[in-house]
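> my questions concern the predicted model and sequence given below.
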Amino acid sequence: MKILITGGAGYLGGALTDILLKTSHQIRVYDALMYEDNYLKKVPFILGDIRDKTLLKKQLKWADCVVWLAALVGDQACALNADISTQINQESVKWLSQNFDGRIIFTSTCSVYGVHRDILTEDSPTGPLSVYGITKLAAEAFLKKKNAIIFRLGTL
């Protein structure tokens, strides 16, 4: 399988890349390197922003599966600029849902639930309280009718 990992230079992406390198899958990493200067893993790497639709579409044509890790993460980071957070966390996923028919593995957040005192399940009511949670929940909605699996992660 050909797997494209957006945000593959990040914390989770780096670990996933290491795991996938031990398999027979072909992988590529697509990342803007917001927090790094270089990409050092020995896999095909594309330096790119997920908002660059022309560059990203070329990679989607290659892929059978996309692991969508690219995001602005956290309440404080997203609160700095709600428009950019919406572009990256929400609108890019809307575009992905309209332009890719393969398997999508999407990382969301437990921030979509808001505040609860009980143990949460997939059926728990959502009620995001931040730009981060709101944009991730909106992104999930774009994937509901796609060949997608959504992981609502807690803090790594």
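Yes, it's here.
> what's the lowest-mean-pLDDT helix or strand in the chain packed up against?
Sorted by mean pLDDT, DSSP states H and E, the helices and strands of the chain end with helix 75-79, the least confident at a mean of 87. Counting contacts by 3 or more CB pairs under 8 Å, 6 or more residues apart in numbering; DSSP states H and E, helix 75-79 is packed against helix 82-86, helix 131-142. (Glycine included, C-beta is placed from N, CA and C.)
> quick one: which of those is nearest residue 66?
helix 131-142 (13.2 Å; CB to CB).
> following element in sequence after that closest one, please.
Per DSSP states H and E, helix 131-142 leads on to strand 148-153 as the next helix or strand towards the C-terminus.
> quick one: contacts of that following strand?
103-110, 112-113, 122, 140, 143 (CB atoms under 8 Å, 6 or more residues apart in numbering).
> widest-spaced pair of the residues you listed?
103 and 113 (25.5 Å).
> would you say residue 106 is within a strand?
Yes: assessed with DSSP: H, G, I helix; E, B strand; the rest coil, residue 106 lies in a strand.
> tell me the contacts of it?
Counted by CB under 8 Å, 6+ apart, residue 106 has contacts 68, 93, 139, 140, 143, 148, 149, 150, 151.
> what about the last one, how many neighbours?
Counted with other CB atoms under 10 Å, residues neighbouring residue 151 total 11.
> any idea how far it lies from residue 41?
As judged by CB to CB, to the nearest Å, residue 151 and residue 41 stand 22 Å apart.
> give me the spatial nearest neighbour of residue 93, chain neighbours excluded.
residue 139 (3.8 Å; CB to CB, 6 or more residues apart in numbering).
> swap in residue 62?
Nearest to residue 62 is residue 2, by CB to CB, 6+ apart, at 5.9 Å.
> which of the helices and strands packed on helix 75-79 sits most buried?
helix 131-142 (a mean of 22; mean count of other CB atoms under 10 Å).
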